[in-house]
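Undergrad: Make a model of this:
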Amino acid sequence: MPKKIIRVNMNKLEANYEDLPEKYQALGGRGLTSTIVADEVPPTCHPLGPNNKVVLAPGIVTGTNAPSSGRISVGGKSPLTGGIKEANAGTDFGQKLGRLRIGAIIIEGQKEGDDYYLLKITNDGAEFKNANKWVGKGLYEVYKDLRKEYGEKISICGVGIAAELRGGNSGLSFNDPEGLPSRYAGRGGLGAVMASRGLKFIIVDDTGAPGVEIKNAELFKTGIAKLVKALGDHDVTKPGGALNTYGTAVLINIINESGGLPQRNFSRGQDDRSSKVSGEEKAEEIKKRGGARPHACHPGCVIQCSEVWTKPGGKDPVGVLEYESVWALGPNCEIYDLDTIGELNRAINDLGMDTIETGDTIAVAMEGGLIEFGDGKGAIKLLEEIRKKTPTGRILVNGTEFTGKAFGVTRIPTVKGQSMPAYDPRAIKGIGVTYATSPMGADHTAGYAIATEIMGVGGTADRLEPKKAELSRNLQVATAVVDSTGYCLFIAFAILDIVEGLQGVVDSVNGVLGANLTLDDIPTIGMQILETEIKFNKAAGFTSLDDRLPEFMKEEKLPPDNEVFNVTDEELDSVFKF
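TA: Down below sits the predicted model:
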């Protein structure tokens, strides 16, 4: 049984199965979503108009028993950046699609009228249901309802109130193992694209699924054994290691110490109060409250960097408080209280938004005088403006750059319209090169230079050295490949240092595909994906001038190092000029 594409025509409310074309057979995840978007979406189309599409694709090994491989990619033209977008989430949704041998879901067309629909996918086919009864409701309530109605074994992809508003800051929400709407393909506003088609939810039940076809089972088995060993040996990814013990927020103290943890809307890089919201503090509090830590975001994850944060007494579980979320809603807004951050994170999940973009938006709104820095209650009230769909809410739901312009702010930390994550590029130059040059806009996961510049993974580099084109390029190339396999990006910590683990990744992919790829093929594959994305952006009107950081970062010195972003335009232009 070959892999299929489900082509969802929202004009006709039809979901038709097609054989996955030969040219897509060896692709998965980001490689497949970006290729389909480049092939089928006009680069100059309006992101919310009839010609855009949403593409969901599990990775090549997603749905197998490969470790930490439950990733799904979502692609389309971004309402936030105006360019191509891939957003990525860890969830069992992609695993179920993989086991059903669905290579991709392509959502196209626009349903006329105000009705919203749910698409149910099973081993027997796909059917539509009316979803109007869930419009305007928070996702925590709705995901409970969906599991009651369709069973506990389903996996859910949905969009929330933010997407109903067509907000540039609206993501696709996937359930975690507890059924909470806490796993997000959040960046770039693709939730608004899905909502603008008239599609509110996709639910998947893989009962009776045939499973992923593995063409060379023995090679696959030896490959995943190599990777499991590497993950178990590396200090960052092993049981009892940094990620397993403290989660991603282990970086709060580390990045703060380096002077690169943005505070008060990127106006300084360090504050002693940051330790109050560190991964270490959070892990201790979770133990007291009866949450979960460590925790897997999807079945089969061996790193288990996730968690379930709750209020005292185990009430109102949020899901995970990631490093990026804690920083964006915490130090960047001068909020140094985990309970406030947790409440904000829960509200953002409930509305269907990205925590990075939302935290940066709140900080810019604070800079613009809407509320004071440090006003946690005020920040929560701002999110209620979105829930109520007020004019102020409609500004905020469109993200950091839109909000900054609306309130006359000049310190707006965005690239290509997308807000910066939790590393100030004046203090950590390599990540700034990635922010500037990635086709995705400011995105730390596109080429995670922090691994080398701060953590000493994959070599070492002086974080203040401005010659970082090669480092960023190599990491962007490698990341494009990892995003296509279905493996979690965090395996990179191990495979950058342990070559046998990297060989295991290649062997497992070969095992599934029946291919003969080698380590030498990785740069070629990664560059092909990036070239596809860059070509789309150029056709959409992007130039080298879009590969730049905001003016204030070149002129305002960042305490405590008092550095500016001094990477030259020539260095930035050299990243992909070869």
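Undergrad: Farthest out from the centre of this protein, which residue is that? Tell me.
TA: residue 218 (32.5 Å; Cα atoms, centre = their mean).
Undergrad: Setting aside sequence neighbours, what's the nearest residue to that one?
TA: Nearest in space to residue 218, with sequence neighbours left out and distances taken as Cβ to Cβ, 6 or more residues apart in numbering, is residue 511 at 7.6 Å. From N, CA and C alone the C-beta is placed, and that goes for glycine too.
Undergrad: which residues does that neighbour contact?
TA: Counting by Cβ atoms under 8 Å, 6 or more residues apart in numbering, residue 511 touches 214-221, 223.
Undergrad: Pull up the gap between it and residue 309, please.
TA: 37 Å (Cβ to Cβ, to the nearest Å).
Undergrad: close enough to count as contact, residue 12 and residue 109?
TA: Yes - counting by Cβ atoms under 8 Å, residue 12 touches residue 109, with 7.3 Å between them.
Undergrad: which one of the two has more residues nearby?
TA: A count of neighbours by other Cβ atoms under 10 Å puts residue 109 above the other of residue 12 and residue 109, at 19 against 10.
Undergrad: ok, for that one, nearest residue in space, not its chain neighbours?
TA: Closest to residue 109 by Cβ to Cβ, 6+ apart is residue 11, at 3.8 Å.
Undergrad: Packing partners of the worst-scoring helix or strand of the chain on mean pLDDT?
TA: Between all helices and strands in the chain, the lowest mean by mean pLDDT, DSSP states H and E belongs to strand 292-295, at a mean of 90. Helices and strands touching strand 292-295, by 3 or more Cβ pairs under 8 Å, 6 or more residues apart in numbering; DSSP states H and E, are helix 279-289, strand 306-311.
Undergrad: got the domain boundaries for this protein?
TA: 4-204, 244-424 (automatic domain parsing).
Undergrad: got TSV for those domains, with distance to residue 235 too?
TA: Formatted as TSV, the domains of the chain follow (distance: least, Cβ to Cβ, whole Å):
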stretch	distance to residue 235
domain 4-204	16
domain 244-424	10
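Undergrad: which stretch among the ones you listed comes nearest residue 526?
TA: domain 4-204 (9.1 Å; Cβ to Cβ).
Undergrad: before we move on, back to that, quick one, which of the contacts of residue 511 are buried?
TA: 214, 216, 219-220, 223 (16 or more other Cβ atoms under 10 Å).
Undergrad: Between all of these, which two are at the greatest distance?
TA: Pairwise over the buried ones among the contacts of residue 511, using Cβ to Cβ, the maximum falls at 214 and 223, 10.5 Å.
Undergrad: Could you measure from the residue nearest to residue 439 when sequence neighbours are not counted over to residue 14?
TA: Closest residue in space to residue 439, ignoring its immediate chain neighbours: residue 533 at 3.9 Å, by Cβ to Cβ, 6+ apart. As judged by Cβ to Cβ, residue 533 and residue 14 stand 29 Å apart.
Undergrad: between the two, which one's more packed in?
TA: Comparing residue 533 with residue 14 by other Cβ under 10 Å, the one with more neighbours is residue 533, at 25 against 12.
Undergrad: give me the element that one is part of.
TA: Here residue 533 sits within helix 522-539, counting by DSSP states H and E.
Undergrad: for that helix, packing partners?
TA: Applying 3+ Cβ pairs under 8 Å, 6+ apart, we find helix 522-539 packed against helix 29-40, strand 84-90, helix 469-485.
Undergrad: pLDDT on it, on average?
TA: The average pLDDT within helix 522-539 is 98.
Undergrad: Show me the contact partners of the helix or strand following that helix.
TA: For helix 522-539, the succeeding helix or strand toward the C-terminus, using DSSP H and E, is helix 551-555. Residues outside helix 551-555 that contact it (Cβ under 8 Å, 6+ apart): 266, 410-411, 413, 425-426, 432, 564-566.
Undergrad: quick one: which of those sit in helices?
TA: Counting by DSSP state H, the part of the contacts of helix 551-555 found in helices is residue 432.
Undergrad: now the contacts of helix 551-555: which count as buried?
TA: Burial by neighbour count, 16+ other Cβ under 10 Å: within the contacts of helix 551-555 this picks out 266, 411, 413, 425-426, 432, 565.
Undergrad: Would you check which pair of these lies furthest apart?
TA: So, the buried ones among the contacts of helix 551-555 by Cβ to Cβ: farthest apart are 411 and 432, at 15.6 Å.
Undergrad: so where's the stretch 101-250 of the chain shaky on pLDDT?
TA: Nowhere does the stretch 101-250 of the chain drop to pLDDT under 70.
Undergrad: For it, just list every one of the strands.
TA: 102-108, 117-122, 125-130, 155-158, 172-174, 183-185, 199-204 (DSSP state E, counting those that start in this stretch).
Undergrad: What lies in contact with the last one?
TA: Okay, so that is strand 199-204. 8, 10, 54, 56, 93, 96-97, 100, 105, 107, 111, 116-122, 131, 134-135, 146, 150, 154-159.
Undergrad: How about the third one?
TA: Contacting residues not belonging to strand 125-130 are listed as 6, 8, 13, 15, 17, 115-120 [Cβ under 8 Å, 6+ apart].
Undergrad: Out of the residues you listed, the closest to residue 498 would be?
TA: residue 6 (37.7 Å).
Undergrad: In space, what's closest to the closest one - neighbours in sequence excluded?
TA: With Cβ to Cβ, 6+ apart, the residue lying closest to residue 6 is residue 105, at 4.8 Å.
Undergrad: so residue 296 makes contact with residue 306?
TA: Yes - if you go by Cβ under 8 Å, residue 296 and residue 306 touch, sitting 6.1 Å apart.
Undergrad: Which one of these two is surrounded by more residues?
TA: Of the pair residue 296 and residue 306, residue 306 is the one with more neighbours under other Cβ under 10 Å, namely 25 against 19.
Undergrad: Wait, that one touches residue 246, no?
TA: No - when contacts are counted by Cβ under 8 Å, residue 306 is not listed as touching residue 246 (11.7 Å).
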